[in-house]
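Undergrad: Sharing a sequence plus its predicted fold:
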Amino acid sequence: MNALQVKSLSVAYEEKVVLSNISLTIPKGLITGIIGPNGAGKSTLIKAVLNQLPNKTGSVAILERPLNPKDHIVGYVPQRNAVDWDFPTNALDVVLMGRYGHIGVMRRPSLRDKQIALNCLRNVGMEAFAEQSIGQLSGGQQQRVFLARALAQEAEVYFMDEPFVGVDAATERTIISILKELKSQGKSVFVVHHDLQTAADYFDWIVLLNKTTIASGPTEVTFTPDNLQEAYGGKLFFMDQAKSGKNDL
């Protein structure tokens with residue numbers, strides 16, 4: 001079974017084409033990195049796949065069928081800058097939002113729902129902060145809480161938009177450990193990522209994007225200097241410079 005199939009997907013904002021003729025087929029049970037330069041349309045691709053954008057053409061199937069919100073098969077971690085961190089709520093309540101697909105917005109969470117939420121906070125090392133206001137947490141702690149919210153959805157496919165941005169090394173290790181655990185459970189994970197130095201270690205499959213599909217396939221055959229040069233153009237130095245710690249982005 002394929003986790004994601006995208007056929008001839010294009011997205012435009014007003015008259016500006018952001019994505020053009022994207023076609024992808026990605027098997028189930030992998031950690032997939034979506035990589036490309038700034039403005040390549042990485043976040044737009046995720047939003048289009050999740051039916052969050054109206055101005056698109058083409059088709060998308062998740063686990064071999066069109067996305068139905070009632071199926072509750074998809075978990076989503078947005079970019080941190082897309083979240084109102086001043087909203088008056090605590091970490092536990094944020095994670096409980098991930099249970100709404102199972103319990104309904106108008107129903108109160110059960111004891112089981114609260115226990116699942118607490119277990120998810122424990123899995124990301126944030127159980128001690130359950131009652132802490134979300135706005136008082138550090139960037140890395142906030143990201144862990146939003147990861148816990150996605151875990152609480154008990155989804156089959158997860159989409160994460162730049163989950164490693166603005167987090168400390170310990171949080172990054174925690175996140176990648178959880179992604180690998182999801183994979184071991186047969187889940188599929190898609191991650192928008194910008195750090196070329198870690199991509200080969202983190203992902204089983206790479207999608208290289210720059211407004212259209214540059215390459216998509218297993219990391220060892222896709223994450224190559226030629227493909228990266230085509231995706232990034234003049235913005236990319238050579239791979240050996242990236243690996244030596246010189247960030248070109």
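TA: Yes, it's here.
Undergrad: what packs against the top helix by length along the chain?
TA: Scanning the chain for the helix with the most residues, using DSSP state H, yields helix 169-184. Judged by 3 or more C-beta pairs under 8 Å, 6 or more residues apart in numbering; DSSP states H and E, helix 169-184 is in contact with strand 31-35, helix 139-152, strand 188-193. C-beta coordinates here come from the backbone N, C-alpha and C atoms, glycine included.
Undergrad: which stretch among the ones you listed comes nearest residue 49?
TA: Nearest to residue 49, of all those, is strand 188-193, at 8.2 Å by C-beta to C-beta.
Undergrad: Direction included, what does that closest one pair up with?
TA: strand 31-35 (parallel), strand 157-161 (parallel) (DSSP bridges).
Undergrad: before we move on, back to that, could you point out which of the helices and strands packed on helix 169-184 sits nearest residue 69?
TA: Among the helices and strands packed on helix 169-184, the nearest to residue 69 by C-beta to C-beta is helix 139-152 (15.3 Å).
Undergrad: if we can go back for a sec, going by mean pLDDT, which of the helices and strands packed on helix 169-184 comes out lowest?
TA: The minimum mean pLDDT among the helices and strands packed on helix 169-184 belongs to helix 139-152 (a mean of 90).
Undergrad: Take that helix, keep the C-alpha atoms, and write them as PDB.
TA: The C-alpha coordinates for helix 139-152 follow below in PDB (Å, rounded to 0.1, in the frame of the first residue of the first chain):
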ATOM      1  CA  GLY A 139      10.300  26.900  21.600                       C
ATOM      2  CA  GLY A 140      11.600  23.400  21.900                       C
ATOM      3  CA  GLN A 141       9.000  22.600  24.600                       C
ATOM      4  CA  GLN A 142       6.200  24.000  22.500                       C
ATOM      5  CA  GLN A 143       7.300  21.900  19.600                       C
ATOM      6  CA  ARG A 144       7.300  18.800  21.800                       C
ATOM      7  CA  VAL A 145       3.700  19.600  23.000                       C
ATOM      8  CA  PHE A 146       2.500  19.900  19.400                       C
ATOM      9  CA  LEU A 147       4.200  16.600  18.500                       C
ATOM     10  CA  ALA A 148       2.300  15.100  21.500                       C
ATOM     11  CA  ARG A 149      -0.900  16.500  20.100                       C
ATOM     12  CA  ALA A 150      -0.300  14.800  16.800                       C
ATOM     13  CA  LEU A 151       0.500  11.500  18.600                       C
ATOM     14  CA  ALA A 152      -2.800  11.800  20.500                       C
END
